[in-house]
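Participant: Quick one, fold the following:
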Amino acid sequence: MNLRKLMCLSTILFFFSTVLAACSDNGDKKSDEPSGSLTLSTEILNFDSDGGSASVTVEASREWDASCDAAWVKISKSGTLDRSGRIDVTVQENTTTSPRNARLTILSGSVRANVSISQAAKTPEPVDPSIDVPEGYSLVWHDEFDGDALDSKHWRHEVKSAGWVNNELQNYVSSPIDGNPVTEVSDGSLKINCFKAKNGKIYSGRIYAHVNEGWKYGIMEARIKLPKGRGTWPAFWMMPVNNDFSTNPWPRCGEIDIMEEVGYHPNYTSSSIHCESYNHVIGTQKTAERYTAGAEDDFHVYRLEWTADYIRTYVDGNQLLYFPNDKANKVQTWPFDKPFYIILNLAWGGDWGGNQGTDESKLPATLQVDYVRVFQNNLVSPD
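Facilitator: Next up is the predicted model:
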């Protein structure tokens, strides 16, 4: 190859390498540039312990979306396909004595922006001297049922037809039937009533305390007088907050039964836990039962002590069930590391309550609750 051809070839190669380098540089610069822009009306939202609502306006160069990392924060989005939109933020009541924080994340293309959400702790209220607060704990929520109606701010009725669970025969409702309430508050106690209506159906009550936020760890206590009659099945128990049963079904989700009794086996109260590895369906349940003299004639105190290390239940201060955390970090054996909410109900019949039939001559029947109290350890964060 002569010198002239070699110089010409070198020039051509130099030209193409320069073009390729320029293209490569431009591509790198382009990939580093955000593919959108976001402007928020605020980056900080503060709430007191009562909770509340606030809005964040969004200005974006393209469509956008948002999510929040805390179950106690609910968001509603509008205008996500427009350049201008809004996020309505609703924060639930903080019933714990610890402040809490969450993060609202907004995305538009490759651009990300955050709003910090903080909520103050509940201010401890003066404790009635008659309330025995366990050492090292604080009273974080309680209902003494001293009024004349159930507090709808803290309690929610379940509404379901007969057969919904456990083949139970009662219909759970929230409103009176034939003028008879399924729940009522009078003379310093809550009454959950189970009765047969004029239409021949059985009605009763099932109520949830703080169903949307619940509590993680603590002492949960209730003073209860049980109903009488073959067919009754009262319970004081807990289930996980905001659980999606389609992806985390029972018993994998976990269940804590603080107190149960069936009318055909009067005054024998039991405590149980249910999880994937330990449940009655496969015969591996962790249950303890004891005769509680006068459980159907007078009030007795049923208590759960729940920590990261164990679950214990008590009747009148005497330990009934002990279930330790095996520390295997497996949801199959310890799903009890998230907030749970309190349930009180009076079932009629069903797989256990109706195991020896039902006696409708014992209706109406009433479960009475003197109080429900929740205490949490001063040194352990509930989050």
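Participant: all helices of the chain, in order?
Facilitator: 3-32, 350-353 (DSSP state H).
Participant: ranking those by mean pLDDT, which is last?
Facilitator: Least confident of the helices of the chain, judged by mean pLDDT, is helix 3-32 with a mean of 49.
Participant: Would you mind finding the longest strand in this structure?
Facilitator: The strand that spans the most residues within the chain, counting by DSSP state E, is strand 365-377.
Participant: what number of residues lie near residue 243?
Facilitator: As a burial measure, residue 243 scores 18 neighbours (other Cβ atoms under 10 Å). Glycine gets a C-beta too; all of them are placed from N, C-alpha and C.
Participant: before we move on, what about residue 186?
Facilitator: Neighbour count for residue 186, taken as other Cβ under 10 Å: 12.
Participant: do the one 5 residues further on as well
Facilitator: Neighbours of residue 191 under the rule other Cβ under 10 Å: 20.
Participant: Ok, the one 4 residues further on next?
Facilitator: Taking other Cβ under 10 Å as the neighbour definition, residue 195 ends up with a count of 20.
Participant: Now do the contacts for the spatially closest residue to it that is not a sequence neighbour.
Facilitator: Computed as Cβ to Cβ, 6 or more residues apart in numbering, the closest residue to residue 195 that is not its neighbour in sequence is residue 364, at 3.8 Å. Counting by Cβ atoms under 8 Å, 6 or more residues apart in numbering, residue 364 touches 180, 193-196.
Participant: where are the low-confidence patches of this protein?
Facilitator: 1-35, 124-126, 379-383 (pLDDT under 70).
Participant: tell me the centre residue of it?
Facilitator: Centroid-nearest residue in the chain: residue 241, 1.4 Å away (criterion: Cα atoms, centre = their mean).
Participant: I'd guessed that residue sits against residue 208; true?
Facilitator: No - Residue 241 is not in contact with residue 208 according to Cβ atoms under 8 Å; the separation is 9.9 Å.
Participant: shared neighbours, the two?
Facilitator: The contact lists of residue 241 and residue 208 share residue 341, where a contact means Cβ under 8 Å, 6+ apart.
Participant: so residue 292 makes contact with residue 271?
Facilitator: No - counting by Cβ under 8 Å, residue 271 is not a contact partner of residue 292; they are 11.2 Å apart.
Participant: Between these two, tell me which one has more neighbours.
Facilitator: Neighbour totals were compared for residue 292 and residue 271, and residue 271 leads with 29 against 21 (other Cβ under 10 Å).
Participant: doesn't residue 321 make contact with the more buried one?
Facilitator: Yes - if you go by Cβ under 8 Å, residue 271 and residue 321 touch, sitting 3.9 Å apart.
Participant: Name the residues contacting each of these two.
Facilitator: 287-288, 313.
Participant: Most neighbours among the residues you listed, which one?
Facilitator: residue 313 (27 neighbours).
Participant: ok, so what distance separates the nearest residue to it once chain neighbours are set aside from residue 303?
Facilitator: Once flanking residues are discounted, residue 313 sits nearest to residue 271: 3.8 Å by Cβ to Cβ, 6+ apart. To residue 303, residue 271 is 10 Å away according to Cβ to Cβ, to the nearest Å.
Participant: who's in contact with residue 254?
Facilitator: 239-240, 273-275, 335-336, 340.
Participant: Please enumerate the strands of the stretch 51-200 of the chain.
Facilitator: Listed in chain order, the strands of the stretch 51-200 of the chain (DSSP state E, counting those that start in this stretch) span 52-60, 65-68, 73-78, 84-91, 100-108, 111-119, 137-143, 155-157, 170-172, 183-186, 189-196.
Participant: neighbours around residue 207, how many?
Facilitator: Counted by other Cβ under 10 Å, the residues lying close to residue 207 total 22.
Participant: Next: residue 143.
Facilitator: By other Cβ under 10 Å, the residues close to residue 143 number 20.
Participant: Also residue 50?
Facilitator: 13.
Participant: excluding its backbone neighbours, what's nearest it?
Facilitator: Spatial nearest neighbour of residue 50, excluding adjacent residues (Cβ to Cβ, 6+ apart): residue 93 at 5.7 Å.
Participant: ok, now residue 229?
Facilitator: Distance criterion Cβ to Cβ, 6+ apart; nearest residue to residue 229, sequence neighbours excluded, is residue 362 at 2.7 Å.
Participant: Equivalent analysis for residue 153, please.
Facilitator: With sequence-adjacent residues excluded and distances taken as Cβ to Cβ, 6+ apart, residue 153 is closest to residue 93, at 7.9 Å.
Participant: what's across from residue 256 in the sheet?
Facilitator: Using DSSP bridges, the bridge partners assigned to residue 256 are residue 238, residue 273.
Participant: how many neighbours does it have?
Facilitator: Counted with other Cβ under 10 Å, the neighbours of residue 256 add up to 25.
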